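1. how does the following fold in three dimensions:
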Amino acid sequence: MSSKKQAVGYLPDERPPIVELFLFALQQIVVMFPATVLVALITGFHVSTTIFASGLATLSFILITGRKIPLYYGSSFSYIAAIASIMGAEAFSSYSLNDKISVAQFGIVMSGFVSIAAGLIIKRCGRNTIDKVLPATVTGSIAIIIGLSLSKNAMGNAAGNSFIDAITKDPSNYTKTVIDAVSSGLLGNMAWIIAIITLFSTILYSVYLKGKLSQLPILFGLITGYLAAVLIGLITGIPFVNLHTITTAGIVSLPTFTFPKASWAAVAAIMPIAIATIPESTAHIFQLDIYVNDLAKKKGSTKKYNLADKLGLNLIGDGMGDIISGAIGGPAGTNYGENISAMALSKVFSVPVLIVAAIITMIISCFTPLINLVYSIPTAVIGGLSIYLFGVIAAQGITIMMDRKVDMFQSKNLAVIAIILIIGLGGTFGFTGDGMIPMFGGQFPALATAAVVGIVLNLMLSIGEKSNSTSEE
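-> Below you'll find the predicted structure:
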């Protein structure tokens, strides 16, 4: 009887009914928004432009990949330090904000060509070559450190740190009740309660909801946490929910578009980071391949979704996303692990859902009330969701290695995994400076360094290995 039970979910070429389509799209927006906006805030890019660029780049990615790969493009944390170095460089200190963005844009656009070149090489060389350069030991470990390296952001949001910092920096904008709540620790405690309610409600929804409802655990979790924040705010007088973050005269407020300004300094700082995102994109497409084909099998579909074989096409689409985002004033990006986590939890891998999500995102960026509604989501709610989602990203790295049957007793595999994990996590949390490793008089991005060292180490240890070896698989 149970064997006849139809699995719930949507494959890449399937489209949900209109109401579900809209709800699933909102869920995808919810999970990409915090990180995408945070990158804009950290780098100094215009938030509304960043949001618009994310939607436009996603649409272009889906078009370029023939509507076959369900991935969402968002701002990448890997580029933050490089972009920030250009934005804060003394050579550009006399430039206006828009001129600084224009300079950084040139490096972002050029980084897109790196991904495109890598994609073309991969399409020419084939899957076997990629498996040698980027085996499961590398891609799985990178997925793990991507998820775990974001744990600090998740826990900080859950504690309401950004809200507390805003109050501390400018207490004149807040009432005595709010200021006293900060000094007494009440605000922090209430933030944790909101985050815990959000986290556990999302987990319960994802585990116990059945049928169609089981596909919306993140959206339901967000709504539950949001309502908890409103209720706690009414009781304590702490404005966890603020619907007036952006105040403008008009309802419609178009993004500020800027255009690239040639700068070789920006190319030198930003372009090389694209190399480090290649293993990240590889990990993402392998994760997706596993989950999509598992759903297809459970649904009794005879169609084989060979997403892993589309890595080259994925990188070409990713590179075009960087070019398009950089051309109008958005940060560099990549396909988002958070969105893959949402798809894995909801079993919704529908490309039409991502198309609708991208269109809604672009609309949101042009309407002040809609941006304010998204901004009104308390950081504690985002933190509660992030604890779960970022953990799922890390867990998917383990899934990759399990699916490829990595031999965890082989010294070579242990060496590659160990080095990537320690450099990636130790570099992220061991030094000040947003995940940069101070070394040899320079600053090296932790995730990028871990990826490059892992790839080189794996290739070195593979010298002399027989071509029919299955130790990596």
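2. need the contact list for the spatially most central residue of the chain.
-> Centroid check for the chain by C-alpha atoms, centre = their mean gives Tyr336 as the closest residue, at 3.6 Å. The contact partners of Tyr336, taken as C-beta atoms under 8 Å, 6 or more residues apart in numbering, are 31-32, 35, 71-74. All C-beta atoms are positioned from the backbone trio N, CA, C, and that covers glycine.
3. from these, pick the one nearest Ala191.
-> Ala35 (19.1 Å; C-beta to C-beta).
4. tell me which element that closest one is part of?
-> helix 18-43 (DSSP states H and E).
5. Ile146 against Ala394, yeah?
-> Yes. With contact defined as C-beta atoms under 8 Å, Ile146 reaches Ala394; the gap is 7.5 Å.
6. check Gln215 and give its pLDDT.
-> Note on Gln215: pLDDT of 69.
7. thinking again about what came up before, closest one of the contacts of Tyr336 to Leu199?
-> Closest to Leu199, out of all of the contacts of Tyr336 and judged by C-beta to C-beta, is Val31, at 14.0 Å.
8. lowest confidence element among the helices and strands of the chain?
-> helix 80-87 (a mean of 73; mean pLDDT, DSSP states H and E).
9. and the helices in the stretch 251-400 of the chain?
-> 264-270, 273-298, 311-328, 337-346, 351-364, 368-375, 379-403 (DSSP state H, counting those that start in this stretch).
10. so which elements touch the third one?
-> With contacts defined as 3 or more C-beta pairs under 8 Å, 6 or more residues apart in numbering; DSSP states H and E, the secondary structure elements packing on helix 311-328 are helix 47-64, strand 73-75, helix 97-125, helix 273-298, strand 333-335.
11. ok now it, how far from the chain's centre?
-> Relative to its chain's centre, helix 311-328 lies at 15 Å (C-alpha atoms, centre = their mean, to the nearest Å).
12. ok, which pair from the contacts of Tyr336 is furthest apart?
-> Going by C-beta to C-beta, the pair spanning the contacts of Tyr336 furthest: Ala35 and Leu71, at 14.6 Å.
13. looking at the two, which has the bigger crowd around it?
-> Leu71 (29 against 22; other C-beta atoms under 10 Å).
14. any idea how far the more buried one is from Met110?
-> 22 Å (C-beta to C-beta, to the nearest Å).
15. likewise Leu120?
-> Counting by C-beta to C-beta, the gap from Leu120 to Met110 is 16 Å.
16. neighbour-wise, which of these two wins?
-> Met110 (22 against 15).
17. and the more buried one, what is it in contact with?
-> 266-267, 270-271.
18. how about Leu295?
-> 7, 9, 11, 347, 349.
19. and it, what pLDDT?
-> Predicted confidence (pLDDT) for Leu295: 90.
20. how about the contacts made by the residue nearest to Ile116 when sequence neighbours are not counted?
-> Leaving aside its sequence neighbours, Ile116 sits nearest to Gly319 (C-beta to C-beta, 6 or more residues apart in numbering; 3.7 Å). Residues near Gly319 by C-beta under 8 Å, 6+ apart: 111-119, 274.
21. right, I'll call it a day here.
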